[in-house]
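J.: Sharing a sequence plus its predicted fold:
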Amino acid sequence: MAGTIGTWFAALLTLFILSFLYRDNPFYKFAEYLFVGVSAAYWAVYNYYNILRPNLILPLFFHGQLVNIIPLVLGIMMIMRLAPKIGWISRWPLAFIVGTYSGYYLITYLQSNALDQVQATLMSFIEISAWREFFARPGLIAFLDAISVPLIIVGVVTGIIYFFFSREHKGVFGGFARIGIWFLMVAFGASFGYTIMARISLLIGRLFFLLHDWLRII
Amino acid sequence: MKLTERLERIDRRVIFLIIFLAVAGPLIMPIGLKIEVSEPVQIFYDAVNDLLPGSRVLVSADYDPASMPEVYPMNEALVHHLFSKDIQIIGLGLWPQGIPLNQAAMERAAQVHGKEYGKDFVNLGYKAGGIVVISALAENILQTFPADYAGRPIAELEIMKGVRNLDNIDLIVSLSAGDPGVREWIMIAQGRYRKRVSGGVTAVSAPAFYPYLNAGQLKGLIGGMKGAAEYEKLVERSGTASRGMDAQSIAHGVIIFFIVIANVFYLIGRRSRK
């Protein structure tokens, strides 16, 4: 019974939200405000039970781990942001967070997003095995596989040239920059295509719920 | 009014209605379009399939209900695949809302394959901190997660015997809808500790992970509902992603048609205005 009521409630809220596609209306507003309210309450409770209580309240007040006074003080300093006159105090814990994360991220980000990526482009310009495969079984996919390495290298080099602004994009240099733009456009196009796919997937998810779980016609 | 002008002023709600029909139609009357498996999904499948029975896989559920249509089918197919090969699952999450979803997927699959909580799978729950949590796991899992999602001490569970840190994990799979997620697992677990990491992500974020895949930092990638459907095909288990593929393909066809038509009429309109 509870499951059925829940399904009906979820289905009606889905329809309320989708009704915005026609135009703004009170049903949409109701669903929107309800979502904001429930989300705020959910996160407040979740943060208390999963972050504050196990990481601060229990260790400090019940297990006597006094080192936790430091995060408590930093947390209180952060809340000072709510009072305009003493809001500057919140900059100190913020500085601590920014500093810690910067230090933490710097090396790992450099390693995984720069060094390893650059290393991956240091490859043979002609991949013999891929060309062998192409000549053995000619086809579009085999051809694209064979030229994938040169494409990556050309794409990386021309893309970097496009973002080199210390020299005017003219002549041969400008030509390479233009090729870089083409690579960027393809990347943006792929990204846009994937975004559409994601949005359609979400619509499929909702319609599947309405047709399968609610109406039970599929 | 000319046809081009009429089309330029078409009510957007007509477009919405057509997209709705393009999605709802194939859901009600499936066509059964063929699903081709792409290389990133095949690599993901191979990375899991090559594991020996008794191996341990860490499944990080870094997503939430908003991304369920895309990521949950991957989660379900993955745990079925792992249980079918007698691989142990250590579940956790860098997103709090991913925990109950992963738990639901594991419990359903456990019923099918006759697996037991604490022996064949465990859910360590959520811990705030993102990359800091991953670093801590690389040092000591039991200290980072002393209890599971329901508050039971994990040291007492059979599955955790002999598990100290990420060195005792054979593969890490992050099912992610954003940050923290696959990127953080690559940065810390793969980048710093050289562990094998595979990923399943939403379609929006998939293009950003191809460089990692190409560089070998990521052992396979499942992107969006399409990727999930391909994985379902590989594990021979038709789920919600496979059922949505007809609708996805038809909707994409309609959108491509709209883009082409809009551009053609725009160019015709521009030429006639000149």
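T.: Thanks, I have it.

J.: Report how many residues lie close to residue 176.
T.: Picked chain A for this. Here the number of neighbours of residue A:176 (other CB atoms under 10 Å in any protein chain shown) works out to 18. Just so you know, the C-beta spots here come from the backbone N, C-alpha and C atoms, and that holds for glycine as well.

J.: not quite, I wanted chain B
T.: 28.

J.: cool, residue A:149 as well?
T.: Counted with other CB under 10 Å, the neighbours of residue A:149 add up to 16.

J.: Model confidence score at the closest residue to it other than its chain neighbours, please.
T.: Closest residue to residue A:149 apart from its sequence neighbours, by CB to CB, 6 or more residues apart in numbering or on different chains: residue A:127 at 4.9 Å. Per-residue pLDDT puts residue A:127 at 81.

J.: can you check residue B:77 too?
T.: The predicted local confidence for residue B:77 is 97.

J.: quick one: average pLDDT of stretch A:169-187?
T.: 93.

J.: ok, the residue of the stretch 1-150 of chain B found nearest chain A to residue A:96 distance?
T.: Here the stretch 1-150 of chain B gets closest to chain A at one residue, residue B:69, 2.5 Å apart by CB to the nearest CB. Counting by CB to CB, to the nearest Å, the gap between residue B:69 and residue A:96 amounts to 39 Å.

J.: what about those two, which has more around it?
T.: residue B:69 (26 against 15).

J.: Not counting its neighbours along the chain, what's nearest the residue of the stretch 1-150 of chain B closest to chain A?
T.: Counting by CB to CB, 6+ apart, the residue nearest residue B:69 is residue A:205, at 2.5 Å.

J.: Would you mind pulling up the elements that the helix or strand harbouring the one you found packs against?
T.: Residue A:205 is located in helix A:171-208, with elements delineated by DSSP states H and E. Using 3 or more CB pairs under 8 Å, 6 or more residues apart in numbering or on different chains; DSSP states H and E, the elements in contact with helix A:171-208 are helix A:148-162, helix B:12-28, helix B:68-84, helix B:224-234, helix B:240-273.

J.: Compute the inter-axis angle for the first one and helix A:171-208.
T.: Relative orientation of helix A:148-162 and helix A:171-208, computed by axes from the mean of the first three to the mean of the last three CA atoms, to 10 degrees: 110 degrees.

J.: Next: the third one.
T.: Angle, helix B:68-84 to helix A:171-208, by the same axes, to 10 degrees: 80 degrees.

J.: Repeat that for the fourth one.
T.: Orientation of helix B:224-234 against helix A:171-208 (the same axes, to 10 degrees) gives an angle of 70 degrees.

J.: could you point out which element follows the helix or strand hosting residue B:135?
T.: For residue B:135, the host element (DSSP H and E) is helix B:131-139. Using DSSP H and E, the helix or strand that follows helix B:131-139 in sequence is helix B:141-144.

J.: Can you read off the pLDDT for residue 192?
T.: Using chain A here. 92.

J.: other chain: chain B
T.: In this model, residue B:192 is scored at 90, pLDDT.

J.: gap between the closest residue to it other than its chain neighbours and residue B:188?
T.: Spatial nearest neighbour of residue B:192, chain neighbours left out: residue A:108 (5.8 Å); criterion: CB to CB, 6+ apart. Residue A:108 is 6 Å from residue B:188, where distance means CB to CB.

J.: Can you pull the residues that touch both of these two?
T.: Shared contacts of residue A:108 and residue B:188, defined by CB atoms under 8 Å, 6 or more residues apart in numbering or on different chains, comprise residue B:131.

J.: ok, those two, which is more surrounded?
T.: The residue with more neighbours, out of residue A:108 and residue B:188, is residue B:188; 27 against 18, by other CB under 10 Å.

J.: Assign the more buried one to helix, strand or coil.
T.: helix (DSSP: H, G, I helix; E, B strand; the rest coil).

J.: check contacts around it.
T.: Contacts of residue B:188 by CB under 8 Å, 6+ apart are A:108, B:131, B:134-135, B:138.

J.: Quick one: classify residue B:238 as helix, strand or coil.
T.: Per three-state DSSP, residue B:238 ends up coil.

J.: nope, residue B:92 is what I was after
T.: strand.

J.: what's across from it in the sheet?
T.: For residue B:92, the beta-bridge partners are residue B:60 (DSSP bridges).

J.: Closest residue of chain A to chain B?
T.: residue A:205 (2.5 Å).

J.: Can you report how many residues lie near that residue?
T.: 22.

J.: sec struct for residue B:173, please.
T.: With three-state DSSP as the criterion, residue B:173 was assigned strand.

J.: Just want to check the distance between it and residue B:79.
T.: Residue B:173 is 10 Å from residue B:79, by CB to CB.
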